[in-house]
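1. build me a structure from this.
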Amino acid sequence: MSYAGVSVIADGKLVGGSTSPNVDAGAASGYHLLAVEGYSETQKPIWSRSFTIGGQCWGIYYNPGGNHLDIADFISLELCLMDITSCPVKAQFEFSFAQDTDNQDPARINVSRVSEFRAYFESHKKLIKREALEKHIKHNSFTIRCDIMVVDDDTAAATPPIIVVPPSDMRQNFTDFLLTREGTDVVFEVGSEMVAAHRCVLAARSTVFKALLFDPTKERTSLTTTATIVQQVDDMDVSVFKAMLGFIYGESLPVSADHENEGVMLHHLLVAADRYDVPRLRLLCEKKLCENICVSTAMTILALAEQHGCNGLNKACYDFLRFRVNLRAAVATDGFDHLCRSCPPVMKEVILAMLQIS
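-> Numbering: from 1, shown residues only. Now for the predicted structure:
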């Protein structure tokens, strides 16, 4: 806690003060002393000298309260921001009595409340009962210590709250619901495996599942029906289907230590997300695939982006291929042959790009 000097009030007037020769005005915390000499003769409010803590200019307003009926039994101390600021200044502060001005404790802030000073000359007040004050008066004098700690949003957030609200565990609850298969009312036959799920959850997350599982043109069903529906899923690996369900329930993507295998899974998941209209999964796969673009994958990913209308992924591929060394190396891969077969119009664009850099 940095020492930020002293203000001396004698016989009702500010008569002087000092600053520490080693004071760090930019330090986030510090304290200032207000020494009042001739307490009984000080009848009017008076300002301390200004001082700097946390890069901000502060002042203390001392009001003995004798002529103010509303605080006749108190003295009033106000900490005031003396700087013009474009954004609020947040600080913790505390007034205390200092018995020995030459031997001060390093810190005296025991409060957790953060005060906000939103404008020039805004202040926060503390009232001290006169009978409590008089216990600290010696030779008609006393000294007040003001500790200040300027905090940023991270520091303020770190202050322990009275009530701690844990993060939402809804995703984990739904994932557990899927894994335990409790209350499932639809079964998907994927290859040779049966995968159980909940119609309401799928319908809430996918318009395709909603139309498929609550189609009014088919046998009449309702949200309260307990009968299990069986659906056939063709042209999809069961691991991909399960990964898509895992995202629908808990928004988790499968992570593989094998970079290549992860890219293949993301490719298939993007196709599944497009097929079943799970837009957030589709965008996350696009984002992850953008990070997977390299010489060996660029052409395959470009074909995928073209087939499924992924404009962002398409642009990322072309940004990679516009470099001559990348384009020439990518054309020599099997992915280019796949691109030629699946997306002839894109192949023409790639050839034109090659001619431009030749």
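2. burial of Ile152, as a residue count?
-> In this structure residue 152 is Asp, not Ile. Neighbours of Asp152 under the rule other C-beta atoms under 10 Å: 11. The C-beta positions use only the backbone N, C-alpha and C, and glycine is treated the same way.
3. any idea what the residue lying closest to it once chain neighbours are set aside is bridged to?
-> For Asp152, the nearest residue in space outside its immediate sequence neighbours is Lys90; the separation is 7.4 Å by C-beta to C-beta, 6 or more residues apart in numbering. Note on Lys90: beta-bridge partners by DSSP bridges are Glu116, Val151.
4. residues near Lys90, how many?
-> By other C-beta under 10 Å, 18 other residues sit near Lys90.
5. touching, it and Arg118? I think so.
-> No - using C-beta atoms under 8 Å as the test, Lys90 is too far from Arg118 to be in contact (9.8 Å).
6. which ones are touching Val233?
-> Residues in contact with Val233, defined by C-beta atoms under 8 Å, 6 or more residues apart in numbering, are 188-190, 241.
7. and these, which are buried?
-> Burial by neighbour count, judged by 16 or more other C-beta atoms under 10 Å, picks out 188, 190, 241 from the contacts of Val233.
8. quick one: which of these is nearest to Val230?
-> Within the buried ones among the contacts of Val233, proximity to Val230 (C-beta to C-beta) peaks at Phe188, which comes in at 7.8 Å.
9. in a strand, that closest one, correct?
-> Yes - counting by DSSP: H, G, I helix; E, B strand; the rest coil, Phe188 falls inside a strand.
10. with distance to Met265 and pLDDT added, can I get the buried ones among the contacts of Val233 in JSON lines?
-> Supplementary listing: the buried ones among the contacts of Val233 in JSON lines, determined by distance: C-beta to C-beta, whole Å; pLDDT from 0 to 100:
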{"residue": "Phe188", "distance to Met265": "19", "pLDDT": "95"}
{"residue": "Val190", "distance to Met265": "15", "pLDDT": "94"}
{"residue": "Phe241", "distance to Met265": "12", "pLDDT": "95"}
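11. possible to save those as JSON lines with distance to Phe51?
-> Below are the buried ones among the contacts of Val233 laid out as JSON lines (distance: C-beta to C-beta, whole Å):
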{"residue": "Phe188", "distance to Phe51": "71"}
{"residue": "Val190", "distance to Phe51": "72"}
{"residue": "Phe241", "distance to Phe51": "67"}
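12. could you export stretch 165-177 as PDB, CA atoms only?
-> Taking C-alpha atoms only, stretch 165-177 is exported to PDB below (Å, rounded to 0.1, in the frame of the first residue of the first chain):
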ATOM      1  CA  VAL A 165     -24.400 -18.700  -8.600                       C
ATOM      2  CA  PRO A 166     -22.800 -21.700 -10.300                       C
ATOM      3  CA  PRO A 167     -22.600 -21.900 -14.100                       C
ATOM      4  CA  SER A 168     -25.500 -23.500 -15.900                       C
ATOM      5  CA  ASP A 169     -25.300 -27.300 -16.000                       C
ATOM      6  CA  MET A 170     -28.200 -27.600 -18.400                       C
ATOM      7  CA  ARG A 171     -26.100 -29.000 -21.200                       C
ATOM      8  CA  GLN A 172     -24.700 -31.700 -18.900                       C
ATOM      9  CA  ASN A 173     -28.200 -32.500 -17.700                       C
ATOM     10  CA  PHE A 174     -29.400 -33.100 -21.300                       C
ATOM     11  CA  THR A 175     -26.300 -35.100 -22.200                       C
ATOM     12  CA  ASP A 176     -26.900 -37.300 -19.200                       C
ATOM     13  CA  PHE A 177     -30.500 -37.700 -20.300                       C
END
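13. quick one: buried residues of that stretch?
-> Under the neighbour-count criterion of 16+ other C-beta under 10 Å, stretch 165-177 has 174-175, 177 buried.
14. can I get those residues in JSON lines including pLDDT and distance to Cys317?
-> Formatted as JSON lines, those follow (pLDDT from 0 to 100; distance: C-beta to C-beta, whole Å):
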{"residue": "Phe174", "pLDDT": "89", "distance to Cys317": "34"}
{"residue": "Thr175", "pLDDT": "88", "distance to Cys317": "33"}
{"residue": "Phe177", "pLDDT": "87", "distance to Cys317": "38"}
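15. the residues you listed in helices, which ones?
-> Counting by DSSP state H, the members of the buried residues of stretch 165-177 that fall within helices are 174-175, 177.
16. tell me where the model's unsure across the protein.
-> The chain contains residues with pLDDT under 70 at 17-26, 66-71, 100-112, 153-161, 216-227, 255-260, 344-358.
17. quick check: the nearest residue to His198 once chain neighbours are set aside vs Tyr249, distance?
-> Spatial nearest neighbour of His198, excluding adjacent residues (C-beta to C-beta, 6+ apart): Thr184 at 5.7 Å. Using C-beta to C-beta, to the nearest Å, we find Thr184 at a distance of 12 Å from Tyr249.
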